[in-house]
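[1] Below is the structure, and that's it, no one-letter string:
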């Protein structure tokens, strides 16, 4: 084992060419993860609610569309957004944005199923009670159903975020200088000690996933709720 | 620039189909090897005592919490550097096993590294699905079997595992689908599968829409076929798996 190859390139692995050039390395991985994590959570919520609240043909079309995103490898989706987005919008789009777009769509497609399942897991009686009280369907959803369904969905969101952290490594295929890409650059430059480099990078990703997982567990720890209303 | 342009020349279509063949063959091999490995892991974890349990849990956690891409790079670049020189040389040199009319040729190093990395990754995920299946087997089943005089291993093999497989079947099919999609990452270590072929075709023809469109359709077709087959098996024989 030779740690000097890591120590010599640590700055490059952590931040890329920054502050002299664009941000890269671990910092870019975290930026990509955060951006696609937020966007996929938003997309997942909107699409999941649409899935749960729609019926018949709309629902079937939505299921098919979301299923398509889940059936295609992420590498393919990154290629699609990389080559197609500039054609659609008519001007150049930074590679990082195309990666965030692709990852958000995949993450959103996966999360929407979890969100729909969470909403549907709340018993029929809750809906009927809300409607009987004179609420509209959307009011019932917002005031009664979502506050109970969202905590149940939290583990799915955390799982999807750790998956997204790992999936940002796929930005490599279009040359975005995130952690995996700069690791291969360092590897190509040093030529020796590839095992050390990739073990280190793997460990960094592992820590990142672990931190998100622990942090989520801490935030989502069941709090002692006032027992009123439970009867 | 027109989106579709002329139809791709037959030669490029053949590239894509060849890539698709590699994707299918690699997926099948990885699913098979990954399933066997995951069952062995599960068996070890259930019947091998505390040390085996901690060890397998650590390995599975390590594999599940790092990107597949980095793992493939490790097996492709890193493992070659860690292995003794004679072994690297032997793995890299061509060998063939004459089998009557057809020779079985030794695969290229990137194929070996890709197969190995994908198999470990798939096995870690399938093992977790199997464990969830085992947790779904009621404890009374195990106790009844133990009371009948079966050993720990027999209980696992004949009572717990068959029921667990029935519970875990659809999630495992989901992992097979993931494996098909994950083979696309081996393009980064130069394995000429479907994604690699589509990128090559795009580079040569500049017809991104067709190259990626055909590749995407082939992926969707493969995933849909396997998913349909998996559901058909689950429906056809809902109780049969327990009797196997």
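    Ah, there it is. No experiment lies behind these values; they were computed from the predicted model shown.

[2] middle-most residue in chain A, spatially?
    Centroid check for chain A by C-alpha atoms, centre = their mean gives residue A:37 as the closest residue, at 3.6 Å.

[3] which strands and helices sit next to the host helix or strand of that one?
    Assigned by DSSP states H and E, residue A:37 belongs to helix A:25-53. If contacts are counted by 3 or more C-beta pairs under 8 Å, 6 or more residues apart in numbering or on different chains; DSSP states H and E, helix A:25-53 sits against helix A:10-15, helix A:56-71, helix A:95-121, helix A:146-167, helix A:179-190, helix A:194-219. Glycine gets a C-beta too; all of them are placed from N, C-alpha and C.

[4] about what we covered before: what's the residue nearest to the centre of chain A in contact with, if anything?
    Going by C-beta atoms under 8 Å, 6 or more residues apart in numbering or on different chains, residue A:37 touches A:107, A:160, A:161, A:164.

[5] at 10 Å instead, please
    Residue A:37 sits next to A:100, A:103-104, A:107, A:157, A:160-165, A:168, A:212 when contact means C-beta atoms under 10 Å, 6 or more residues apart in numbering or on different chains.

[6] Could you report the neighbour count for residue 108?
    With no chain named, the answer covers chain A. 24 (other C-beta atoms under 10 Å in any protein chain shown).

[7] To clarify, I was referring to chain B.
    15.

[8] That one touches residue B:190, doesn't it?
    Yes - using C-beta atoms under 10 Å, residue B:108 is in contact with residue B:190, at 8.6 Å.

[9] what residues are shared contacts of the two?
    Residues touching both residue B:108 and residue B:190 by C-beta under 10 Å, 6+ apart: residue B:114.

[10] hey, where'd the helices end up in chain B?
    B:10-47, B:49-64, B:68-73, B:79-82, B:85-92, B:109-135, B:139-147, B:152-154, B:161-182, B:194-205, B:208-236, B:240-243 (DSSP state H).

[11] doesn't residue A:103 make contact with residue A:38?
    No - counting by C-beta under 10 Å, residue A:38 sits too far from residue A:103 to count as a contact (11.1 Å).

[12] Which one's more surrounded, the two?
    Neighbours per residue (other C-beta under 10 Å) separate residue A:38 from residue A:103, with residue A:103 holding more: 27 against 14.

[13] so who does the more buried one touch?
    Neighbour list for residue A:103: A:32-33, A:35-37, A:39-40, A:74, A:77-78, A:81, A:163-164, A:167-168, A:170-171 [criterion: C-beta under 10 Å, 6+ apart].

[14] and if you look at residue A:69?
    A:47, A:77, A:102, A:105, A:106, A:107, A:108, A:109, A:110, A:112.

[15] Burial check on residue 131, number of neighbours?
    Using chain A. Residue A:131: 14 neighbours (other C-beta under 10 Å).

[16] think we crossed wires, I meant chain B
    20.

[17] ditto for residue A:214
    Using other C-beta under 10 Å: residue A:214 sits among 10 other residues.

[18] Over to residue B:150?
    16.

[19] Surely it and residue B:141 touch.
    No - shown here, residue B:150 and residue B:141 do not form a contact pair, counting by C-beta under 10 Å, at 11.0 Å.

[20] shared neighbours, these two?
    Contacts common to residue B:150 and residue B:141, judged by C-beta under 10 Å, 6+ apart, are residue B:159.

[21] what angle sits between the helix holding residue A:37 and helix A:95-121?
    Going by axes from the mean of the first three to the mean of the last three C-alpha atoms, to 10 degrees, helix A:25-53 is angled at 40 degrees with respect to helix A:95-121.

[22] residues of helix A:25-53 that come out buried?
    Buried residues in helix A:25-53, counting neighbours by 16 or more other C-beta atoms under 10 Å in any protein chain shown, are found at A:25-33, A:35-37, A:39-41, A:43-45, A:47-52.

[23] before we move on, back to that, a markdown table for the helices of chain B, including mean pLDDT and distance to residue A:198?
    Output for these, formatted as a markdown table (pLDDT from 0 to 100; distance: least, C-beta to C-beta, whole Å):
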| stretch | mean pLDDT | distance to residue A:198 |
| --- | --- | --- |
| helix B:10-47 | 93 | 20 |
| helix B:49-64 | 90 | 13 |
| helix B:68-73 | 96 | 5 |
| helix B:79-82 | 84 | 9 |
| helix B:85-92 | 82 | 16 |
| helix B:109-135 | 93 | 11 |
| helix B:139-147 | 90 | 41 |
| helix B:152-154 | 85 | 37 |
| helix B:161-182 | 92 | 18 |
| helix B:194-205 | 93 | 21 |
| helix B:208-236 | 93 | 27 |
| helix B:240-243 | 46 | 39 |
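
[24] hey, which of these is tucked in deepest?
    Stretch with highest mean neighbour count among those: helix B:68-73 (a mean of 26; mean count of other C-beta atoms under 10 Å in any protein chain shown).

[25] right, is it up against chain A?
    Yes - applying C-beta under 10 Å from any C-beta of the partner chain, one finds helix B:68-73 in contact with chain A at B:68, B:69, B:70, B:71, B:72, B:73.

[26] do stretch B:127-142 as well
    No - residues of stretch B:127-142 contacting chain A under C-beta under 10 Å from any C-beta: none, with a closest distance of 11.9 Å.

[27] Repeat that for stretch B:157-173.
    No - Stretch B:157-173 does not reach chain A (C-beta under 10 Å from any C-beta); its nearest approach is 13.1 Å.

[28] Does residue B:42 touch residue B:135 like I think?
    No - under the criterion of C-beta under 10 Å, residue B:42 makes no contact with residue B:135, lying 11.2 Å away.

[29] any residues in contact with both of those two?
    Joint contacts of residue B:42 and residue B:135 (C-beta under 10 Å, 6+ apart) are B:160, B:164, B:168.

[30] quick one: contacts for the first one?
    Yep, that's residue B:160 we're talking about. When contacts are counted by C-beta under 10 Å, 6+ apart, residue B:160 touches B:42, B:46, B:47, B:133, B:134, B:135, B:136, B:137, B:139, B:141, B:142, B:145.

[31] 6 Å instead?
    Residue B:160 is in contact with B:134, B:137, counting by C-beta atoms under 6 Å, 6 or more residues apart in numbering or on different chains.
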